[in-house]
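1. model the structure of this input:
(chains A and B)
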Amino acid sequence: MVFRFIYRELSISTIVSRKSIDSVNVFIKSTILLTVIIASIIYNNPLQQLVLLLYPLCSIILSRDYRLYIHSLKAPLIPAMLVSSLYLVFSRLEYADILAAFNIGLRIIVIASSILVYIATTNPIHLAYLFEKLRLPKWAPLSTILTWRLIPYTMRVADEAYVVSRLKGDSLWRSLVSTTATLLVRADSLVQTLYFYTTESSVGDYTLKPLVSNWSRVNTIAYVLYSSTVLLLVYLLSF
Amino acid sequence: MYRDNVVYVDNLWVRYDESEWILKNISMSIKRGETVLVVGRNGSGKTTLLRTLSTQIPHLYHGEVKGSINVLGYNPVREPGKIVSRIGYVGHDLESQILTPFVYEEVGLPLVLHSLRKTSIIMEKIYKALELVNGEDLVYRDTFRLSSGDTAKTVIASNIVREPEILFLDEPTAFLDKVSRRVLVSTLMSLRDKGVTLVIATHNPWLYMDFIDKVYLIEDGVVSKVNRVYDRLNRSVYSRNMSKPTYRSRGSVVVKTRDAWFKYPRSKDYVLKSIDVSFKDNSVYVIIGLNGSGKTTLLKMLSGIYKPSRGRVEVYGKPIYIPQDPRIFFTYETLYKEIAVRKDRISREDWLIIEKMGLREYMDYPIARLSYGCLRKSAILVALLHNYNPILIDEPTAGVDRESMVELAGIVKSTRKCVVIATHDDYFIDMVNPSRIYWLEDGCLVKYGV
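-> Okay, the predicted model is just below:
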């Protein structure tokens, strides 16, 4: 049940849809995400982590896909609890240890939910174009697009394989066999499609410029203001 | 030779790595603008032929190709680059061929990757391609939430946007309902009118009867040209019409739903509404409905995979669900292990069923190497041989040849369990003679005929 919960929540919270796209400039958004992750790693106060949990809400408010926030918080809940419990098991169970365990759990939730919301609210083509402009290797932009497609897809297959193997009476590990086999075949189909699009001599010096530029100046400014406030609050709490 | 034929093959032999030859001494020719069908049983080599002609073997899949072969004036083995940009390929697993989150991006991606930079021209071509497949309304839709029919339209549009001279289609109607099939066929007809050569591998040749020029039948790797599909294939199998079922439900209730509603997370709308139905032992039920009507969701709810958002589902047996993609079903390396793992011994009756389904020779064969049709039959076999009840089967005939379908129907009919099947296939429904047919529309389930 635990694995199914994780699979489902991950598959739900990583699907990009027209509704979930937040229209924020992808470079600014990526930079802020990185800053939030670093802040979450640096600061060890649970209160600061709780404030950082407000950060993913920014994209949610802009896209108005409120259910996404709940799912992005639910997905890392079990791994976070597991890691915190493990920390407690190997600690002396003093007040500081409990606080540290709480902090670790919150940190996992902050980082995971921020990344999940980022995935669901960002058009991979826009990110791929950013990678192109940053002159990253040629494989990076296309890999980004494929990754965005494959994350929810993999989770969905894993979920389906898990429930079918449970119905059959097999163990969780057995379901990983069918998940892997299915994904290999489906990856083969993706490779086949790309073969026709990108085979040498049929492909030129392309650029993955988005066909529809959907970034909004107002949303980007609102995003920067909101996340800066969150980060400032976190910084002030350290004193 | 090339002036007349866009495809010319003489004495072609193809195999994967060091395995047995899949195609043996194949000779065929296709003229520009022709529509050609490639038919044959599961595992006969249809996909291998299409992969060879479209340069995938040996460039994408390791394999050996022998003999004379010419596509659009070039040898696909030696000069694949000169052919690839002039052909399109639509595989049977349509969903796996989509790469981007939105339809306009998906259709435009091949153009972008082929260095076309002017957005207005790209958008114009996207609209044109979508118009040709009758999918203008799809432009800004999410690819993750498309129905099977709309997925097919999107994949075909992204193939024709590059204006290919030859379009290869490998069982493109496998998961499509009647309406979507009709749309696909009319799309292909309009492509043919535009001069595109179509090479279609299919188990449903009658769909294309109105506009085909040639049919090639592959049997055991050997191809023969037939003037009409009816010449060689069993006419009686193809010419059936769906009859009203004879009601013969006579067992105890195995699954029962009471005012069951279901909606997916992150969605406001209910996929299933007020489902009140009971399924009995010793009976076969069929659920029909258009793509996206909620058949798969209903089967998953009946098997306990999904819990209803409202209402109740009561299951009095040990349910099993066989998904659309049969690969998800298998957790062991061979069919033998899959069956033997939950049985002390495989009885004589079991072997008879295995024999009847034509799967004896595949018992020790690696699951990963079984053909799509074979996998489907194997999954159903595993469900029948173990003590699962009810058995819920999602699209059991997609990608399965007619002969296998007849075998499958016979086995399903003779079982004493409760079998619930979601399918688009009228012929299978007719063959299986179900206790009751249900029609699922707008989330509501209604009896189709008694």
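
2. what about stretch B:295-314, average pLDDT?
-> Stretch B:295-314 shows an average pLDDT of 91 in the prediction.

3. in chain B, where's the longest helix?
-> In terms of residue count, the longest helix belonging to chain B (DSSP state H) is helix B:178-193.

4. chain A too?
-> Scanning chain A for the helix with the most residues, using DSSP H, yields helix A:139-168.

5. can I get the CA coordinates of the longest helix of chain B in PDB?
-> Extracted in PDB, the C-alpha atoms of helix B:178-193 (Å, rounded to 0.1, in the frame of the first residue of the first chain):
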ATOM      1  CA  LYS B 178     -15.600   2.000 -34.000                       C
ATOM      2  CA  VAL B 179     -15.900   5.800 -34.400                       C
ATOM      3  CA  SER B 180     -12.100   6.400 -34.100                       C
ATOM      4  CA  ARG B 181     -11.500   3.600 -36.600                       C
ATOM      5  CA  ARG B 182     -13.800   5.200 -39.000                       C
ATOM      6  CA  VAL B 183     -12.000   8.500 -38.500                       C
ATOM      7  CA  LEU B 184      -8.600   6.900 -39.000                       C
ATOM      8  CA  VAL B 185      -9.700   5.100 -42.200                       C
ATOM      9  CA  SER B 186     -11.100   8.300 -43.700                       C
ATOM     10  CA  THR B 187      -7.800  10.100 -42.700                       C
ATOM     11  CA  LEU B 188      -5.900   7.400 -44.500                       C
ATOM     12  CA  MET B 189      -8.100   7.700 -47.500                       C
ATOM     13  CA  SER B 190      -7.500  11.400 -47.700                       C
ATOM     14  CA  LEU B 191      -3.700  10.800 -47.400                       C
ATOM     15  CA  ARG B 192      -4.000   8.300 -50.300                       C
ATOM     16  CA  ASP B 193      -5.800  10.900 -52.400                       C
END
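
6. after it, which helix or strand is next?
-> Of the helices and strands lying after helix B:178-193 in sequence (DSSP states H and E), the nearest is strand B:197-201.

7. elements contacting that next one?
-> Strand B:197-201 sits against strand B:5-15, strand B:23-31, strand B:35-40, helix B:46-53, strand B:166-170, helix B:178-193, with contacts defined as 3 or more C-beta pairs under 8 Å, 6 or more residues apart in numbering or on different chains; DSSP states H and E. (Glycine included, C-beta is placed from N, CA and C.)

8. neighbours of residue 86, how many?
-> You didn't pick a chain, so chain A it is. By the other C-beta atoms under 10 Å in any protein chain shown criterion, the neighbourhood of A:Leu86 contains 12 residues.

9. wrong one, chain B
-> By other C-beta under 10 Å, 17 other residues sit near B:Arg86.

10. just give the nearest non-adjacent residue to it, would you?
-> Residue nearest to B:Arg86 in three dimensions, not counting chain neighbours: B:Glu165, with 4.9 Å by C-beta to C-beta, 6 or more residues apart in numbering or on different chains.

11. give me the angle between the longest helix of chain B and strand B:35-40.
-> Put simply, helix B:178-193 runs at 130 degrees to strand B:35-40, going by axes from the mean of the first three to the mean of the last three C-alpha atoms, to 10 degrees.

12. pull the distance from helix B:178-193 to the chain's centre.
-> Relative to the mean C-alpha coordinate of its chain, helix B:178-193 is positioned 16 Å out (C-alpha atoms, centre = their mean, to the nearest Å).

13. format the helices and strands packed on strand B:197-201 as a markdown table; extra columns: distance to A:Phe3, mean neighbour count and mean pLDDT.
-> Below are these laid out as a markdown table (distance: least, C-beta to C-beta, whole Å; neighbours: other C-beta atoms under 10 Å in any protein chain shown; pLDDT from 0 to 100):
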| stretch | distance to A:Phe3 | mean neighbour count | mean pLDDT |
| --- | --- | --- | --- |
| strand B:5-15 | 40 | 19 | 92 |
| strand B:23-31 | 43 | 19 | 91 |
| strand B:35-40 | 41 | 23 | 91 |
| helix B:46-53 | 34 | 25 | 92 |
| strand B:166-170 | 34 | 24 | 94 |
| helix B:178-193 | 34 | 17 | 85 |
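
14. okay if I get the ones you listed as TSV plus distance to chain A?
-> What follows is the helices and strands packed on strand B:197-201, written out as TSV (distance: least, C-beta to the nearest C-beta, whole Å):
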stretch	distance to chain A
strand B:5-15	17
strand B:23-31	19
strand B:35-40	18
helix B:46-53	9
strand B:166-170	10
helix B:178-193	17
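
15. in CSV: the ones you listed, plus distance to A:Asp97.
-> Putting these into CSV (distance: least, C-beta to C-beta, whole Å) gives the following:
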stretch, distance to A:Asp97
strand B:5-15, 64
strand B:23-31, 68
strand B:35-40, 68
helix B:46-53, 60
strand B:166-170, 60
helix B:178-193, 60
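
16. coming back round to it: other SSEs contacting the longest helix of chain A?
-> helix A:2-13, helix A:124-133, helix A:172-198, strand B:320-322.

17. ok, so what distance separates the residue most central in space within chain A from B:Glu349?
-> With distances taken as C-alpha atoms, centre = their mean, chain A has A:Leu116 as the residue nearest its mean C-alpha position (2.6 Å). Look at A:Leu116 and B:Glu349: by C-beta to C-beta, to the nearest Å, they are 51 Å apart.

18. return the nearest residue of the stretch 301-450 of chain B with respect to chain A.
-> With distances taken as C-beta to the nearest C-beta, the stretch 301-450 of chain B approaches chain A most closely at B:Thr331, which sits 3.8 Å away.
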